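Peer 1: only the shape, not the letters, is given here:
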């Protein structure tokens, strides 16, 4: 406390130095004048009194110096002088400084980039006014609430404004005769007003408006060429006219977080919409009070519009913040968070290797400077002072390294911001350097300065002064020293990194070649999105939509080369739906069993088209439609789990879901993958597509005789002729697996890159140590050559050193890797073990090859040693 | 500085300044004069150490300072005891008393 106050006073003094000096001069002048007057009063002449007073006071300069000395921060000024001294030393030795800065720039740059990506993805700060006073409301833990509930809450006026958004919507945008699909955020009319979202152009959707739209920056750029006259333009969305009233800035981050950013925003059009609910807390109200008041209102709602199966005042009803850990805990699967955590650890290891390189360089420098340091010590410099001086050198290096590293980060962020991820959700990261990155980098600078500098500095002052003054360091060269330990450690860490990299590369290969259980090489996926105004709203029985589907299927089947075509509610590995329920069969003496299964509604010929064999029974037929006997096809795992040894065909299954009827099992399909390639085998139940009302999103699957690429255009055209307002995207099925492969790809790319970076840094370290040891052993080698050693003997000396280092590194590294890989099994596809012997072998091979490369130049240098020159040192 | 004046014991200057200011705010010159007067001219504070000492005490928060007008109607910097300074004075005076009586005890009995 007292120390803090002192520092505060000192800082204030630093800021007002010139005023302090003039005031001190005034004060001393006053002192002397007062003394003069006093002397004058005792009867001395004014002139003499003035001289005597001045003499009595002594040197004013010295007094002023002593006085300001009380205020100065010695350590700060010493630090600056140390830094200046270090900068001069680096200018004299630019090769050393550049190598060190480059190593640190790579290490710190990689760390800053990964940290920046992690914070912008997991801890995205929404572009809203005062986001700290915003809360997210989840009725009974559900992510979305009905518009009825939203309006009731809004009209209860318990908050300073409310906002609702559904980010999972799509709209068809018609331009001339072309229709494309866009990701839309459907928002309540008070959304922009409550959240206070900043705009690039125009304004948000205002309360009461139903036909205005807001564009994202990237749509404004790609569709309107950044035309500022876009405000007021009319666009056709879902067959309706909307007026553009605003454009969001490029760095807009949605309140939803995780980089989710809709391409256009339109107002909620119907009361059957569901929205995520946000509210602004009145000033000074805590979220606990807000929750209590919210529950009171929800209780009224439960009375007026009760739900059969759940209550809104459930204990899961939550009120949470919209930033930081609140957001993370609510929304993100643990695996994603764990993956980012692992990435941060891995880049931390890369930085450790980089720091070890710099430490090794500093050690070499300290031993060649030992005479200079010994002279300074013997002249009375304290050891502490010299350690501080040496640490200032590494601080300067790490600061320069961090500056270069931040440039690396900014470049990477620019590239990543342009990247459009091939995902079925509108995720666009806005990666910008921010204050969090600044603090993190500052931490990295200090940590790496200590990691690089502390060991060499302590070692430098622990040397015996007498020896250092007398002797040339060359004579005390040992083969195994601290630097060798550091290099072996580096190699060990890079083994761990490489092993992780190879493991994930192997994982990617396995995932790419893994059989998803259906045929992706002869199938095409045509996604057709109809306009709801023309179909769903105008046609409650869906006669028109079903007619369109049948016509489409007939036309597709008649295309040359098409073997079969089918429709499905979902395409596996792109979308899923999991139902958890109690299942009761009609098998006598069977007991109900609670299961979770994947569900999908599929049309006739689906299994033939997608290449999933039906093991028993048959496919759905055209007769399975609304009103007919409810039927189902189950997968093997479902049959085994629910029916055991009994053949399920001809039996019924009954769920405890509301309004559900017992279903007759008519087929058993072979197991396949449903949502991710790495999932454990799941249960699945298929039901007939035409037995239910289906959404306007139509997924046609088409099986063709040969390679699918040439069929894409004819299929797209065929579907396009049916309805010009529909948005159609057609692609071969193997391209549609991008979502499923993305995690494996991201992991393989990042960890592979980190492994290579770590190996490269460790190789530089090995090379440096070997080269240095050759230069230190010049005399020894010269002597040996003079005594008759052949070039082969010389090479053997160097290689033995290199092999010892690499060998130690490999042994220690493999041992570490065995432990470090264990938790990574969490991220791997099933069947791939974390103890991947292929990966370990590959890593040892790669490291040996690199070690050999790093040995070449030092060995060549040793061969060039001339015995005459070398021995002249004596 | 007269020849008959005593050397200050190390560390006692702070205590003397604190004690002098206990009666009320004074400027630097008045502090020096007061110490000299009260000690019957035995203690003479060197100007070269008075101002550094005052500044160190400001830094420690024992004193605060403000500009005012002196008795001769000139601008002068007045020093005032803070609450922290009062506590410090009590502590130092107490300790000093103990020290002096201990020394005297040794000098008289040994």
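Peer 2: All right, it came through fine. Being a predicted model, the structure only gives us computed values, none of them experimental.

Peer 1: the helices in chain B, which residues?
Peer 2: Across chain B, reading from the start of the chain, the helices by DSSP state H fall at B:12-21, B:28-38, B:47-60, B:83-109.

Peer 1: which other helices and strands contact the first one?
Peer 2: Helix B:12-21 is packed against helix B:28-38, helix B:47-60, strand B:75-81, helix B:83-109, with contacts defined by 3 or more CB pairs under 8 Å, 6 or more residues apart in numbering or on different chains; DSSP states H and E. In this view, the C-beta of every residue, glycine as well, is placed from N, C-alpha and C.

Peer 1: what pLDDT, on average, does that helix get?
Peer 2: In this model, helix B:12-21 has a mean pLDDT of 89.

Peer 1: angle of it against helix B:28-38?
Peer 2: Using axes from the mean of the first three to the mean of the last three CA atoms, to 10 degrees, the inter-axis angle of helix B:12-21 relative to helix B:28-38 is 100 degrees.

Peer 1: give me the buried positions along helix B:12-21.
Peer 2: Judged by neighbour count (16 or more other CB atoms under 10 Å in any protein chain shown), helix B:12-21 contains these buried residues: B:13, B:14, B:15, B:16, B:17, B:18, B:19, B:20, B:21.

Peer 1: worst average pLDDT in the helices and strands packed on helix B:12-21?
Peer 2: Ranked by mean pLDDT, the helices and strands packed on helix B:12-21 end with helix B:47-60 at the bottom, a mean of 84.

Peer 1: output the set of residues of chain A in proximity to chain B.
Peer 2: Taking CB under 8 Å from any CB of the partner chain as the contact definition, chain A meets chain B at A:2, A:5-6, A:9-10, A:23-24, A:26-28, A:30-31, A:33-35, A:37-38, A:56-59, A:62-64, A:66-71.

Peer 1: just the buried residues of these.
Peer 2: Neighbour-count burial (16+ other CB under 10 Å) is assigned, among these, to A:10, A:24, A:27-28, A:30-31, A:33-35, A:57, A:63-64, A:66-68, A:70-71.

Peer 1: could you give me the average pLDDT of the helix ranked longest in chain A?
Peer 2: In chain A, ranked by residue count with DSSP H as the criterion, the top helix is helix A:738-776. Per-region confidence: helix A:738-776 scores 80 on mean pLDDT.

Peer 1: which element follows that helix toward the C-terminus?
Peer 2: Reading on from helix A:738-776 to the C-terminus, the next helix or strand found by DSSP states H and E is helix A:778-786.

Peer 1: now for that following helix, which elements pack on it?
Peer 2: Checked by 3+ CB pairs under 8 Å, 6+ apart, helix A:778-786 has helix A:791-821, helix A:867-871 packed alongside it.

Peer 1: same list (the ones you listed) but as TSV, adding mean neighbour count.
Peer 2: Conversion of those to TSV gives the following (neighbours: other CB atoms under 10 Å in any protein chain shown):
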stretch	mean neighbour count
helix A:791-821	17
helix A:867-871	14
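
Peer 1: which of those has the lowest average pLDDT?
Peer 2: Set side by side, the helices and strands packed on helix A:778-786 give their lowest mean pLDDT on helix A:867-871, at a mean of 74.

Peer 1: what is that one packed up against?
Peer 2: When contacts are defined as 3+ CB pairs under 8 Å, 6+ apart, helix A:867-871 packs onto helix A:778-786.

Peer 1: what angle sits between the helix it packs on and helix A:791-821?
Peer 2: Relative orientation of helix A:778-786 and helix A:791-821, computed by the same axes, to 10 degrees: 130 degrees.

Peer 1: return the set of buried residues in helix A:778-786.
Peer 2: A:778, A:779, A:780, A:781, A:782, A:783, A:784, A:785.

Peer 1: hmm, back to that, tell me what the longest helix of chain A is packed against?
Peer 2: The elements that helix A:738-776 packs onto, with contact taken as 3+ CB pairs under 8 Å, 6+ apart, are helix A:94-122, helix A:334-368, helix A:482-513, helix A:791-821, helix A:837-863.

Peer 1: quick one: which of the helices of chain B is nearest residue A:77?
Peer 2: With distances scored as CB to CB, the stretch of those nearest to residue A:77 is helix B:47-60 (16.4 Å).

Peer 1: do any residues in the closest one lie close to chain A?
Peer 2: Yes - contact between helix B:47-60 and chain A, assessed by CB under 8 Å from any CB, occurs at B:47, B:48, B:49, B:51, B:52, B:54, B:55, B:56, B:58, B:59, B:60.

Peer 1: how about the nearest residue to the residue most central in space within chain B, chain neighbours excluded?
Peer 2: Taking CA atoms, centre = their mean as the criterion, residue B:17 is the residue nearest the geometric centre of chain B, at 1.7 Å. The shortest distance from residue B:17 to any residue that is not its chain neighbour, by CB to CB, 6 or more residues apart in numbering or on different chains, is 6.0 Å, and that residue is residue B:31.
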